[in-house]
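Chemist: build me a model:
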Amino acid sequence: MTTKLHTKVPETDRELEDWRRVHNTVIPTHQLTLDDVRDRVARHRIRIAYVGDVAVGSTTVRPPKDGSSDVIVIARVLEEHRGRGYGNELYELAVAEARELDPHAALGTVVLSTNTDGLRFAEHRGFVEVDRYTLPGETVPWIDLRRG
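Modeler: The predicted structure is shown next:
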């Protein structure tokens, strides 16, 4: 019997650390500290996804900022848990949260260029590349994508 995916807003240090581990594993070029994650909880809607008590993925929903009307949705699944539908479930959850923030907003996402699975996942859901850039101090480009 497969245990169902469940998500929650991380509150405890363990849950925050689980979210951080998912992020840092999927995005090895942009490592976050626990304080960085605490800051993100305050600014964004983030969730950690578990199967049983094992962290398998996470979501981030960023409200529009800096004059943008886009709500950014991000779904991450650890590589060893991919191919089981968790990414789609997390993506749908993130989109629902984005629609709560602004039902008319365009959706955006951001993918590290080396994350070919993530890029393919986003493109399969109708996202198209709108920008490519490298953050100061980093060497791997990020890709901003948008879906109307």
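Chemist: flag every buried residue along stretch 79-93.
Modeler: By neighbour count with 16 or more other C-beta atoms under 10 Å, stretch 79-93 contains the buried residues His81, Tyr86, Gly87, Glu89, Leu90, Tyr91, Leu93. Backbone N, C-alpha and C define where each C-beta goes, glycine included.
Chemist: got it, and stretch 92-104?
Modeler: For stretch 92-104, a neighbour-count test (16+ other C-beta under 10 Å) marks Leu93, Ala94, Val95, Glu97, Ala98 as buried.
Chemist: from Glu17, how far out is Glu11?
Modeler: 12 Å (C-beta to C-beta, to the nearest Å).
Chemist: out of the buried residues of stretch 92-104, who's nearest Lys4?
Modeler: Lys4 has its nearest neighbour among the buried residues of stretch 92-104 in Leu93, at 13.1 Å by C-beta to C-beta.
Chemist: who's in contact with the closest one?
Modeler: By C-beta atoms under 8 Å, 6 or more residues apart in numbering, the residues touching Leu93 are Thr7, Arg47, Thr59, Ala75.
Chemist: how about a cut-off of 7 Å?
Modeler: Residues near Leu93 by C-beta atoms under 7 Å, 6 or more residues apart in numbering: Thr7, Arg47, Thr59.
Chemist: equivalent analysis for Tyr50, please.
Modeler: Contacts of Tyr50 (C-beta under 7 Å, 6+ apart): His6, Val56.
Chemist: and the end-to-end length of stretch 40-55?
Modeler: Across stretch 40-55, the terminal residues are separated by 18 Å (C-alpha to C-alpha, to the nearest Å).
Chemist: actually stretch 126-146, not the one I typed
Modeler: Criterion C-alpha to C-alpha; first-to-last residue distance in stretch 126-146 is 8 Å.
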